[in-house]
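S.K.: Give me coordinates for this.
(2 chains)
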Amino acid sequence: MDISFVIEKFILVAIIFGISLVIAMYSTYAERKVAAFLQDRLGPDRAGPFGMLQPLADGLKMFMKEEIVPTNSNKMLFMVGPGLAMLTACIGTAVIPWGSDITIGDRVIALQVTDINVGLLYIFGVVSLGVYGVMIGGWASNNKYSLLSAIRAASQNISYEVSMGLSIIALLMVTNTMSLKEIVEQQHGWHWNVLYQPLGFLLFIICSFAETNRAPFDLPECETELIGGYHTEYSSMKLGFYLFAEYINMFVSATVMATLYFGGYNYPGMDWVLLHTGPVIGPLIGTAVLFAKIFAFIFFFMWVRWTIPRFRYDQLMHLGWKTLIPLAIANIVITGLVIAIVEKF
Amino acid sequence: MGTSVFYLVAFLSIFFSLMVIFAKNPVHSVLYLIVTFFTFTVHYILLNAQFLAVVNFIVYMGAIMVLFLFVLMLLNLNTDNEPLKSVLVKVVGIIGGCCLVVTLIGSLKATAASDPLILVNPNLGLVKNLGKELFGPFMLPFELSSILLLTAMVGAVLLTKKEKV
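M.R.: Got it, this is the predicted structure:
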């Protein structure tokens, strides 16, 4: 392992980390602007041109606020909660392929931190850990509302993980690999997995909404019933971390959906572009295409938030266990049958 | 390098599993248990068993421990409402524990020291190879254990079902 390899990976990790934070920061701005657009308002427009500096002002406010730790809380775990939420949100991007390999001179640079053989399962594992930050924070606050919210979050995540896993199984049957790099390479040009797995994609996107606690599944943060949610007792940047982690989660799940189902950095006519732009610019255009897809998904997340009202808790469980899981199993069976028939003839 | 990493992780595993027992707060115990499972995941990675590592990560850390934590938080156990154990129960517990330790040490002494384990195929733990092994030579045990899990699942659903009057 030579030193330049290590440096290269460090730079890549730093860039990805920076990009996730900036995107999460501007997602808060985008959310307000999208909400304003959908409700025929203007949205934030005071700080800077078009209100572009609003996220910075919000961040500064969060840092300057007084930090309050409730007297009867579990101090240690109260601190750990937001940190854990941020950690689990950020480590998911490690296995995402951000673009095809860049060749500078005779050096090939992979735009992916690590291509592990079980990349898809790694993402799934990180998603399932995401609930710990919420649970620990909610419990440590020693507040009944926070606890209720934490328990809601946990049961919601566990329920929707099942159908998410089942929809991934159907995808695996099509791709025959769990390495995200190979999955993306298979979708070269326009052979996107969403064409082969439309139902699987629908299930996956519904489960992503539930896993990221976004509307219409934002029951853990249902203000009318729970005051605030699992972060009722939090103030200052600890609250900021929880809100931030949610936006990073949204970015990560948008990335995963673009990678798994919408071809990642592939786009129709990419061979022609690659031939005419060379080995450095070509892959970077692919990366730009990937980010365009990610932003489209993030917009979709926000669009849904201001369109569909929140579910009731029993409706949520009903949808998860009695609709999505049978559909996911049916999807697996149908995929298996089609693959068997195609192989036979 | 590999050996020293192993000893470090093994030390952490034992340390955190002891913390599970010594922690007074049950929620802390569960959190230490989660860390212990994480060190097991690292052990699997050291053995190049990536699939097992990530499944351990998902199933134990991501699902089972969430349920444990869930139940403990709902019960909200603490020292105030914990039933007091009588002296007799404590004495019986100590004697029982000592007997178990003696038996374990005795049976460990009786076994010969095993030869150092050498993996025949170091890539066995990768998904494809593991799948081929599971659905090839080990087909029957694999399917039997899945039936066992299914039985447990049906049983659990049956227990929660309210009887129709």
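S.K.: Remind me which helix or strand A:Ile123 belongs to.
M.R.: Assessed by DSSP states H and E, A:Ile123 sits inside helix A:119-129.
S.K.: Just checking that helix against chain B, any contact.
M.R.: Yes - between helix A:119-129 and chain B, judged by CB under 8 Å from any CB of the partner chain, the touching residues are A:121-122, A:124-125, A:128-129. All C-beta spots, glycine's among them, are computed from the backbone N, C-alpha and C.
S.K.: Show me which of the residues you listed is closest to A:Lys322.
M.R.: A:Ser128 (21.7 Å; CB to CB).
S.K.: hmm, back to that, toward the C-terminus from the helix holding A:Ile123, list the very next helix or strand.
M.R.: Of the helices and strands lying after helix A:119-129 in sequence (DSSP H and E), the nearest is helix A:131-140.
S.K.: circling back: okay, buried residues for the helix holding A:Ile123 please.
M.R.: For helix A:119-129, burial by neighbour count (16 or more other CB atoms under 10 Å in any protein chain shown) applies to A:119-129.
S.K.: Now whichever residue of chain B sits closest to chain A: closest residue in space that isn't a chain neighbour?
M.R.: Per CB to the nearest CB, B:Gly62 is where chain B lies closest to chain A, at 2.9 Å. Closest residue to B:Gly62 apart from its sequence neighbours, by CB to CB, 6 or more residues apart in numbering or on different chains: A:Ser128 at 2.9 Å.
S.K.: what does B:Val35 give?
M.R.: B:Val35 sits nearest to B:Phe16 (CB to CB, 6+ apart), 4.8 Å away.
S.K.: A helix includes the one you found, no?
M.R.: Yes - residue state for B:Phe16 (DSSP: H, G, I helix; E, B strand; the rest coil) corresponds to a helix.
S.K.: Just the pLDDT for it.
M.R.: Among the per-residue scores, B:Phe16 holds a pLDDT of 90.
S.K.: Skip the chain neighbours and tell me the closest residue to the residue nearest the centre of chain B.
M.R.: Here the mean C-alpha position of chain B is nearest to the C-alpha of B:Phe37 (CA atoms, centre = their mean), at a distance of 7.1 Å. The spatially closest residue to B:Phe37, leaving aside those adjacent along the chain, is B:Tyr60, at 4.6 Å (CB to CB, 6+ apart).
S.K.: the bottom helix or strand of chain A by mean pLDDT?
M.R.: Least confident helix or strand of chain A, by mean pLDDT, DSSP states H and E, is helix A:223-226 with a mean of 71.
S.K.: Just to check, the residue of chain B closest to chain A is in contact with A:Leu121?
M.R.: No - look at B:Gly62 against A:Leu121 with CB atoms under 8 Å: they stay out of range, at 10.6 Å.
S.K.: rewinding a little: name the SS class of the residue nearest to B:Phe37, please.
M.R.: B:Tyr60 ends up helix, using three-state DSSP.
S.K.: how many neighbours does the nearest residue to A:Ala140 once chain neighbours are set aside have?
M.R.: Nearest non-adjacent residue to A:Ala140, counting by CB to CB, 6+ apart: A:Leu77, 3.7 Å away. Residue neighbour count, defined by other CB atoms under 10 Å in any protein chain shown, stands at 19 for A:Leu77.
S.K.: Report pLDDT for A:Leu77.
M.R.: 84.
S.K.: Spell out which helix or strand contains it, please.
M.R.: helix A:75-90.
S.K.: In whichever helix or strand comes after that helix, which residues are buried?
M.R.: Toward the C-terminal end, the helix or strand that comes next after helix A:75-90 (DSSP H and E) is strand A:102-104. By 16+ other CB under 10 Å, the buried positions in strand A:102-104 come out as A:Ile102.
S.K.: Could you pull up the residues touching the residue nearest to B:Gly62?
M.R.: Neighbouring residues of A:Ser128 by CB atoms under 8 Å, 6 or more residues apart in numbering or on different chains: A:157, A:161, B:58, B:61-63, B:66.
S.K.: Could you do A:Asp45 as well?
M.R.: Counted by CB under 8 Å, 6+ apart, A:Asp45 has contacts A:Gly51.
S.K.: would it count as being in a helix?
M.R.: No - per three-state DSSP, A:Asp45 lies outside any helix segment and is coil.
S.K.: Could I get the average pLDDT for stretch B:52-68?
M.R.: 83.
S.K.: List the neighbours of it that are in contact with it.
M.R.: Here stretch B:52-68 has contacts from A:118, A:121-122, A:124-125, A:128-129, A:131-132, A:135, A:154, A:157-158, A:161, B:30, B:33-34, B:37-38, B:40-42, B:44-45, B:125, B:130, using CB under 8 Å, 6+ apart.
S.K.: was I right about A:Gln112 contacting A:Ile102?
M.R.: No - using CB under 8 Å, A:Gln112 is not in contact with A:Ile102; the gap is 11.2 Å.
S.K.: State the next helix or strand along the chain beyond the lengthiest helix in chain B.
M.R.: The longest helix of chain B (DSSP state H) is helix B:87-110. Later in the chain than helix B:87-110, the nearest helix or strand by DSSP H and E is helix B:127-135.
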